[in-house]
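J.: missing the sequence, but the structure's below:
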């Protein structure tokens, strides 16, 4: 039996989004009975962070990996209940009379029919959102029985659920209504720090630089713990009044402004409050159920510091956090839930890895892609890729590393990673300058061979493997200074352990680096810049490499190096520009035929990508004529732009738009559908 699980936005890329139905992190997962055939997030393919579009590309990728057409899938399941989704759609129709009401089944069936030319509406199933989160964690844990806790922003009218799992079945014990949402509480408070939706993890990283005691009294007036694992978050109006009295509203940080110590202390207190509530919930239900194991899912479970606090609390012997704990992972849980309803038991073995996305092509196909970019790069094959790459890293290089199938979920776990020596503290600033363009305080994570993890980090007796980079652990005091690039201000690190059996090549790379340095560990951060999701394809990796300061790129067993050309070089003009499906050219007029301005806009809103990017008139009309089959140089010639300095200026502007992931630049040999 084939089951396709999806977490879905409800508009296609070329359509303006449905703001009344705020889905995000679209994804698709395909099961063949108990086996996960493929799982991938839409953002990896359409290049929109936290994509809120219908996951057409993710569905197609999963089907292609199985050699299936959609019509061959037995069930399509979405991770929200049908009555709740119908209610949301009805509410939107009432607010927007021009948009007729459609049932959830009809809307989803119509989107699938438009994209895949087949009617599967009768095969669509629905799963309660928090049941999907719970199933995604428990069935991947390998536990026979467990306490299961889901905590997120909201879904199906709830922000959390507590369940017990015994004999393969999940039994709900308690629900938390949306009014108590930790996710929806944490996010608006981030605005004090100049952050917004999807920036919550930045606050987690800032917190160790502050003192939570400074605002402890304030936070005691924002929430309170109640008996039986309950808690109360006070009304937002009361919270605003308290924030105002504390001077925090007047001192709100603007985006890009420096942090004051008050900001750091507020971040520390906010993180401490989240940990206080989270520990209160699991502590009560640990005592009430007697369960020794814990499974966590939901977006709040991506708070790695909270996970580390629960781990070190000693409340549980073992803890499993779904590596795709956010809504994308609920697509997997929904698929497992429906599989069970269809009479096939989900797996009971532990999830060992999340290398479930698109695979790299074969060696010859990689070579063909690299050859198409040869105007900008040189490349050669490495006979011993791990050994050669370890040597580069030991010499101080920062390397993009692309291998095998991409990771499902938000972490780069050694298949789509940027790697560096974990020892020099200066490497943090180096990588931020050359690639990430992000706040300097934010920590980088270490990947370490599992056999030696205990030498560097404080593990627990029953939990010595951390394969998903989702727990913050203490760095042993004697190693904190030596591991300056991966040790945070509070002496912790977000650890990723690697076993030889689960990822032989990455383990070999770590081991080879250890032979040279005595430390079988690397700084590992996601392979992307600050404007895009993690790279997926060879071409994604090349563009990121060429538009950042990375020293080298290793794809499969090919070493790629830049030719060192300026952004204005004719080699860049030889590439073909085009727009993606979610981008559109807009000319705004002030009336009377007077143009007010030219821009590239996005059909998603500001949470997902840069919504409006002004462009010069000449670039606007070049892109208007672009079809992905003619080079920028040809388009300039067609418009009679012959002056070399002008050509260089326009070329550099196109490269800048490409670096910001506003447009696509591709070699003519690879041109075609750039969307």
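T.: Yep, that arrived. In this text, all values refer to a predicted model and were calculated from it rather than measured experimentally.
J.: host element of residue 572?
T.: Using DSSP states H and E, residue 572 falls within helix 570-573.
J.: what's in contact with that helix?
T.: Contact with helix 570-573 is made by 375-376, 563, 565, 631-633, 636, 647, 651-652, 654-655, 665, as judged by C-beta atoms under 8 Å, 6 or more residues apart in numbering. C-betas here are computed from N, CA, C, even on glycine.
J.: scan those and report the most crowded one.
T.: Counting neighbours by other C-beta atoms under 10 Å, the top entry in the contacts of helix 570-573 is residue 654, with 27 neighbours.
J.: which neighbouring elements make contact with the host helix or strand of that residue?
T.: Of the helices and strands defined by DSSP H and E, residue 654 is found in helix 644-659. Secondary-structure packing of helix 644-659 (3 or more C-beta pairs under 8 Å, 6 or more residues apart in numbering; DSSP states H and E): helix 570-573, helix 617-625, helix 632-638, strand 664-666.
J.: on that earlier part again, just curious, which of the contacts of helix 570-573 is nearest to residue 499?
T.: residue 376 (37.0 Å; C-beta to C-beta).
J.: what's the closest non-adjacent residue to that closest one?
T.: Distances taken as C-beta to C-beta, 6 or more residues apart in numbering place residue 571 nearest to residue 376, at 5.4 Å, with adjacent residues excluded.
J.: how about residue 536?
T.: residue 44 is the one closest to residue 536 (C-beta to C-beta, 6+ apart), at 4.1 Å.
J.: correct me, but the one you found touches residue 528?
T.: No - applying C-beta atoms under 8 Å as the test, residue 44 and residue 528 come out as separate, 10.0 Å apart.
J.: which residues are common contacts for these two?
T.: When contacts are counted by C-beta under 8 Å, 6+ apart, residue 44 and residue 528 are jointly contacted by residue 534.
J.: which of the helices and strands packed on helix 644-659 is buried the deepest?
T.: strand 664-666 (a mean of 23; mean count of other C-beta atoms under 10 Å).
J.: now the helices for the stretch 151-300 of the chain?
T.: For the stretch 151-300 of the chain, applying DSSP state H, counting those that start in this stretch gives helices covering 182-189, 200-206, 216-220, 236-245, 261-289.
J.: just want the angle from the longest strand seen in the chain to helix 261-289.
T.: Across the chain, the longest stretch assigned as strand under DSSP state E is strand 145-155. Counting by axes from the mean of the first three to the mean of the last three C-alpha atoms, to 10 degrees, strand 145-155 lies at 140 degrees to helix 261-289.
J.: returning to that earlier point: to the chain's geometric centre, what's the distance from the helix holding residue 572?
T.: The gap between where helix 570-573 is centred and where its chain is centred comes out at 32 Å by C-alpha atoms, centre = their mean, to the nearest Å.
J.: low-scoring stretches of this protein, by residue?
T.: For the chain, the stretches with pLDDT under 70 are 16-22, 436, 590-595, 669-675.
J.: which residue is nearest the middle of the protein?
T.: The residue lying closest to the centre of the chain (C-alpha atoms, centre = their mean) is residue 410, at 3.3 Å.
J.: run through the residues that contact it.
T.: 302, 324, 326, 534.
J.: give me the beta-bridge partners of residue 29?
T.: residue 5, residue 39 (DSSP bridges).
J.: residues touching it, list them.
T.: 4-6, 36, 38-39, 62, 331-332, 335, 356, 408.
J.: chain neighbours aside, what residue packs nearest to residue 254?
T.: In this structure, residue 254 finds its nearest non-sequential neighbour in residue 194, 5.7 Å apart by C-beta to C-beta, 6+ apart.
J.: ok, the one you found to residue 205 distance?
T.: 14 Å (C-beta to C-beta, to the nearest Å).
J.: what helix or strand is residue 524 on?
T.: Judged by DSSP H and E, residue 524 forms part of strand 521-526.
J.: re earlier: of the contacts of residue 29, buried ones?
T.: 4-6, 36, 38-39, 62, 331-332, 335, 356, 408 (16 or more other C-beta atoms under 10 Å).
J.: tell me which of these is nearest to residue 129?
T.: Using C-beta to C-beta, the buried ones among the contacts of residue 29 come closest to residue 129 at residue 331, 10.9 Å.
J.: separation between the closest one and residue 392?
T.: According to C-beta to C-beta, residue 331 stands 37 Å off from residue 392.
J.: looking at residue 194 and residue 205, which one has more neighbours?
T.: Taking neighbours as other C-beta under 10 Å, residue 194 and residue 205 compare with residue 205 leading, 21 against 18.
J.: how about the contacts made by the more buried one?
T.: So residue 205 contacts 439, 441-443, 488 (C-beta under 8 Å, 6+ apart).
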